[in-house]
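Undergrad: next one to model:
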Amino acid sequence: MTQESTDTAAQQAIFDLAWAGLKSQGFERSVVVKDYCNNQTLVCALRGEDNRRCAIGWAIRDEDYTPDMEGRDISDLTEVLSHSIGMPAPNVTWLKSLRAAHDMWEIPHRMEWSLRSFARMYRLKINE
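TA: Numbering: from 1, shown residues only. I've put the predicted structure just below:
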């Protein structure tokens with residue numbers, strides 16, 4: 001298997017998990033309230049309220065997840081992602097693009113649209 005086909009397989013594996021998971025939660029964001037300088041703000045969470053997860057969070061198996069992963073840069077999560085999906089994780093730029101495709105949308109149908117666009121851009125299949 002070439003590096004390109006390994007990357008493509010890993011991208012599809014992570015996207016499949018992210019799509020199915022985000023769809024199961026109605027494309028609602030996974031957030032937690034954080035207090036920054038006496039201001040409360042919502043931040044993305046690998047594991048959030050009501051058992052929600054972010055796209056990357058859905059690709060991390062429960063047995064591989066630890067709470068100290070929250071708030072870490074995606075580049076710090078490639079090893080655990082590789083372990084969870086059973087192959088080398090896609091490059092960090094791709095992972096950040098996936099995060100951006102879902103992170104910026106508070107309205108569920110816009111998140112879904114953004115993820116569909118992301119799939120088209122990377123030639124990924126969507127398992128409805």
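Undergrad: from here on, contacts and neighbour counts on C-alpha atoms
TA: Noted.
Undergrad: other SSEs contacting the longest helix along the chain?
TA: Longest helix in the chain by number of residues (criterion: DSSP state H): helix 3-24. Counting contacts by 3 or more Cα pairs under 8 Å, 6 or more residues apart in numbering; DSSP states H and E, helix 3-24 packs against helix 55-58, helix 78-85.
Undergrad: what are the buried residues along the following helix or strand past that helix?
TA: Where DSSP states H and E defines the elements, the next helix or strand beyond helix 3-24 is strand 31-36. The neighbour-count check on strand 31-36 (16 or more other Cα atoms under 10 Å) flags 31-32 as buried.
Undergrad: please tell me how far the residue lying farthest from the centre of the chain sits from residue 32.
TA: Computed with Cα atoms, centre = their mean, the maximum C-alpha offset from the centroid of the chain is found at residue 38, amounting to 28.5 Å. Distance of residue 38 to residue 32, given as Cα to Cα, to the nearest Å: 15 Å.
Undergrad: same check, this time on residue 78
TA: Distance, residue 78 to residue 32, by Cα to Cα: 22 Å.
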